[in-house]
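Asker: Sequence and predicted structure, then a few things I'm wondering about:
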Amino acid sequence: MTTAVRLTADQETGVAVVTLDRPGRLNAIDLTMRDELRQVWRELRFDDSVRAVVLTGAGERAFCTGLDRDTAVAQPGSPYMADDPLLRVGPKSNDLWKPVIAAVRGMACGGAFYLLGECDFLVADTTASFFDPHTSYGMVSAYESVLMALRMPYGEAARMMLMGTAERISARRAHDIGLVSELTGPGEALAAATACAAVLAGAPPAGVQGTVRALWSAREPALHAGFAQAPHLIALGNLPGERQEELFAGRRGTFRTR
């Protein structure tokens with residue numbers, strides 16, 4: 001059976017690696033990957049042999065490029081009951097309080113921030129870049145903006161979310177502003193993140209998990225407030241799907257990296 005997510009675990013170190021495995025689609029998230037991620041996070045809650053987790057993407061081109069645009073998402077007719085397919089795709093949303101470290105190589109954009117926003121810290125190699133295309137395609141970046149505003153200086157988050165496809169944040173800049181905690185050479189982010197995870201897995205798990213929960217609790221009030229506004233802002237601000245597709249089809253490949 002073909003799967004969109006790979007899970008490997010090292011029983012000796014207590015580290016599991018979760019890999020987004022759709023490199024041909026730049027690890028974009030379809031509903032199969034979404035459902036498999038939810039299942040993996042929930043499985044890891046019950047596996048006491050796993051004490052730390054690394055999240056990464058397959059291939060060299062992208063960590064994740066968000067929701068697969070070919071994914072059809074059914075929506076209720078009422079604007080009061082909008083469904084966001086990625087809202088509960090991350091580890092914290094699935095009540096996993098073991099530390100999760102992201103290892104980023106290549107592009108991370110759009111819906112990838114649902115995942116990165118719920119990792120405890122990020123390790124990236126020099127090929128990594130970060131951007132959010134929503135505004136360029138007539139869409140409101142709501143949940144992504146809330147998550148990134150809690151991970152970056154406000155001005156940096158605002159610039160990234162508002163500039164759309166015109167600009168990307170380089171790995172170096174992401175490290176300078178604190179979004180990325182460690183910068184590695186090309187192809188070395190996974191090994192560096194795994195080494196950090198092994199240290200965490202070697203400590204008494206109750207203390208580590210309690211610290212993860214305490215750190216997240218510092219963000220929760222702002223997160224809940226922002227998420228409460230998100231559905232209404234999306235309903236008010238998103239262009240119709242046909243117009244979004246026109247903008248996407250007419251996109252230009254030029255951008256500035258800073």
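Answerer: Cool, the structure landed.
Asker: would you say Lys9 is within a strand?
Answerer: In this structure residue 9 is Ala, not Lys. Yes. Using DSSP: H, G, I helix; E, B strand; the rest coil, the assignment for Ala9 is a strand.
Asker: ok, it - contacts?
Answerer: By C-beta atoms under 8 Å, 6 or more residues apart in numbering, the residues touching Ala9 are 15-17, 47, 49-50. Bear in mind the C-beta positions are built from the backbone N, C-alpha and C, glycine included.
Asker: try Asp68
Answerer: With C-beta under 8 Å, 6+ apart, Asp68 has these contacts: 22, 25, 28-30.
Asker: 7 Å - rerun?
Answerer: With contact taken as C-beta atoms under 7 Å, 6 or more residues apart in numbering, Asp68 is in contact with 25, 28-30.
Asker: returning to what we had before: take the contacts of Ala9 and keep only those in helices.
Answerer: Among the contacts of Ala9, no residue falls in helices (DSSP state H).
Asker: I'd like to know which of these are buried.
Answerer: Buried by 16 or more other C-beta atoms under 10 Å: 15-17, 50, out of those.
Asker: Report the two of those separated the most.
Answerer: Maximum pairwise distance in the buried ones among the contacts of Ala9, criterion C-beta to C-beta, is 10.1 Å, between Val17 and Val50.
Asker: Helix or strand: which one has the residue sitting nearest the centre point of the chain?
Answerer: Geometric centre of the chain, nearest residue: Leu115, 2.5 Å, by C-alpha atoms, centre = their mean. In this structure, Leu115 sits in helix 112-116 according to DSSP states H and E.
Asker: That helix: how far from the chain's middle?
Answerer: Relative to its chain's centre, helix 112-116 lies at 1 Å (C-alpha atoms, centre = their mean, to the nearest Å).
Asker: can you check stretch 169-189 too?
Answerer: For stretch 169-189, the distance to the chain centre is 15 Å (C-alpha atoms, centre = their mean).
Asker: Any stretches of the stretch 1-150 of the chain with poor pLDDT?
Answerer: Confidence mapping of the stretch 1-150 of the chain against pLDDT under 70 gives the ranges 1-2.
Asker: ok, 80 please
Answerer: By pLDDT under 80, the low-scoring segments of the stretch 1-150 of the chain are 1-2, 72-82.
Asker: Tell me where it has helices.
Answerer: Secondary structure of the stretch 1-150 of the chain (DSSP state H, counting those that start in this stretch): helices located at 31-46, 112-116, 143-149.
Asker: just checking, what packs against the second one?
Answerer: Looking back up the chat, that one is helix 112-116. Here helix 112-116 touches strand 62-64, helix 143-149, going by 3 or more C-beta pairs under 7 Å, 6 or more residues apart in numbering; DSSP states H and E.
Asker: Throw these into a markdown table and include distance to Pro221 and mean neighbour count, thanks.
Answerer: Converted to a markdown table, these look like this (distance: least, C-beta to C-beta, whole Å; neighbours: other C-beta atoms under 10 Å):
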| stretch | distance to Pro221 | mean neighbour count |
| --- | --- | --- |
| strand 62-64 | 27 | 28 |
| helix 143-149 | 12 | 22 |
